[in-house]
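Undergrad: have a look at this prediction, sequence included:
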Amino acid sequence: MSVTRKNPDNVAPPIGAYSHLSVVPKDADLLVLSGQVGTDSDGNLPLEVEEQLRNALHNIRQILKSEGVTSDGIIKVNIWLTEPVSRDQFTEIWSQFHGGTPPSTTMAFVSALVQPNLKVEVEAWAARW
């Protein structure tokens, strides 16, 4: 059993690396993660937005790993950034995270996060079966 990712033919294809729809298997546990910021495992926060994004996504994988879930179980990701990331760097970081099967995703730019030095916050939902 696994999450099914779809891009229905009755809407335009995604404009980036994401799926329009993620279908969760019946009787799966739903795991809802709080927004993860760009600190490393020691609590250090890099200055660069790209490194903060890489750390936040790594933190999500580590939390899911603690529950026996891989990135294949991710059904939804929301990304909030306070400054732009180059398209090439974002594509590289994002591809490493989802491994070729991007989940349903929303990305937005916001004026600020809870602390001024935070440039990234990423929320994830996952399924475990």
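TA: Right, received. Where do you want to start?
Undergrad: neighbours around the closest residue in space to residue 128 that isn't next to it in sequence, how many?
TA: Take residue 128 and drop its neighbours on the chain: the residue closest to it by Cβ to Cβ, 6 or more residues apart in numbering is residue 29, 4.3 Å away. In short, each C-beta sits where N, CA and C put it, glycine included. Neighbourhood size, residue 29 [other Cβ atoms under 10 Å]: 12.
Undergrad: dihedrals phi and psi, residue 29?
TA: Dihedral angles phi and psi of residue 29 (degrees, to the nearest 10) take the values phi -80, psi 140.
Undergrad: which strand residues bridge the closest residue to residue 73 other than its chain neighbours?
TA: Spatial nearest neighbour of residue 73, chain neighbours left out: residue 126 (4.4 Å); criterion: Cβ to Cβ, 6+ apart. Beta bridges link residue 126 to residue 31, residue 74, judged by DSSP bridges.
Undergrad: in the helix ranked longest in the chain, what counts as buried?
TA: Taking DSSP state H as the criterion, the chain has its longest helix at helix 49-66. Neighbour-count burial for helix 49-66 flags 49-61, 63-64 (criterion: 16 or more other Cβ atoms under 10 Å).
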